[in-house]
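Enquirer: got a predicted structure here, sequence first:
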Amino acid sequence: MRNIAKKSNTIEILNTYHLNASKKYGQNFLVDPNVIIKIVECAHIDEETVVIEIGPGIGALTEVLAHYAKHVYAFEIDERLKDVLDDTLKECTNVDVIFKDFLKVDLDAFVSQIDSEKVAVVTNTPYYITTDIITRILKSQSKIRSLTAMVQKEVAEKLCRGEKSPVTMMIDYVGSISYEMTVSKNVFIPSPHVDSAVFHIEKERTIPNHLVEIIYGAFKQKRKTILNNMKPFFEEPRKALENCGIDPTLRAQQLSIDDLVKLDQERNKL
Ligand code: SAM
């Protein structure tokens, strides 16, 4: 391994390729090898695991993932990184870098052709699309088993506190989340404005699309009651709520995922 994440190595690579970190693509390169090892440990990767990495950057996390995993597919949007990654990852024969916007990939079709039942997503998230990435993984109908992500600390804290939102409701349905560690903003080049944190989501099952619709519908107008927000879904929303034993004056934030599952089942009876 080249130990790309060592600060002097990263600086040398950035200088050699005259690379400026792109703000547009949320580039903050991690320069602490210990943090990289810990992220890989949190992801529970073994030689049967196929990893999907979002945003390899110059390959700092990728080379370590490749060391432990069966295979790594890394999606990178920034084509300027082609020559860099060809060079930095040349010894990693089990890595494919795919130059595509991860949000535009047909994820379920991609995962269906992966030859392993253990598929893990790992990412030092480009912060401008954190929520989009998390929701894509949660909604995916594929065999993806886990998501280990570095995000802004505040985002990780909100998710792990279970503050009710469509995302935390989906997490409650598919499995569980754990807060793994706080990471100082000083271990990135360039340094972001705030500290980061790593969380790990373990996916035990997939979530049906019709339940996702109910979840988003329930939170559509956060200040309105569940009675109001369920109007588009039922001809007689008050009756539906009554059948599910849910107080119609509550807001979505006061409900549990079990309540929303009941509403989904009630809707499917129609
Ligand atoms: N993994 C590297 C590390 O830890 O040092 C880089 C992390 S950097 C925060 C985020 C990376 O995601 C950048 O390389 C950026 O170009 C890439 N990226 C941004 N938007 C993307 C997208 N939509 N699809 C794929 N990669 C993206």
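Expert: It's in.

Enquirer: could you use CA atoms for every contact and neighbour count after this?
Expert: Noted.

Enquirer: wait, residue 32 sits on residue 6?
Expert: Yes. Using CA atoms under 8 Å, residue 32 makes contact with residue 6 at a distance of 6.1 Å.

Enquirer: hey, C-alpha coordinates of stretch 43-59 in PDB?
Expert: Only the C-alpha atoms of stretch 43-59 are listed here, as PDB (Å, rounded to 0.1, in the frame of the first residue of the first chain):
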ATOM      1  CA  ALA A  43     -17.600  -1.300   7.900                       C
ATOM      2  CA  HIS A  44     -16.800  -4.900   8.900                       C
ATOM      3  CA  ILE A  45     -15.200  -5.800   5.600                       C
ATOM      4  CA  ASP A  46     -13.800  -9.200   4.900                       C
ATOM      5  CA  GLU A  47     -12.500 -11.100   1.900                       C
ATOM      6  CA  GLU A  48     -16.000 -12.000   0.800                       C
ATOM      7  CA  THR A  49     -17.200  -8.400   0.900                       C
ATOM      8  CA  VAL A  50     -17.700  -6.300  -2.300                       C
ATOM      9  CA  VAL A  51     -17.500  -2.600  -1.500                       C
ATOM     10  CA  ILE A  52     -19.100   0.200  -3.400                       C
ATOM     11  CA  GLU A  53     -17.200   3.400  -2.600                       C
ATOM     12  CA  ILE A  54     -18.700   6.800  -3.400                       C
ATOM     13  CA  GLY A  55     -16.000   9.400  -4.300                       C
ATOM     14  CA  PRO A  56     -12.500   7.800  -4.000                       C
ATOM     15  CA  GLY A  57     -10.800  11.200  -4.500                       C
ATOM     16  CA  ILE A  58      -7.100  10.300  -4.900                       C
ATOM     17  CA  GLY A  59      -7.700   6.800  -3.500                       C
END
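
Enquirer: check which helix or strand covers the closest residue to residue 246 other than its chain neighbours.
Expert: Leaving aside its sequence neighbours, residue 246 sits nearest to residue 259 (CA to CA, 6 or more residues apart in numbering; 7.2 Å). For residue 259, the enclosing helix or strand under DSSP states H and E is helix 257-269.
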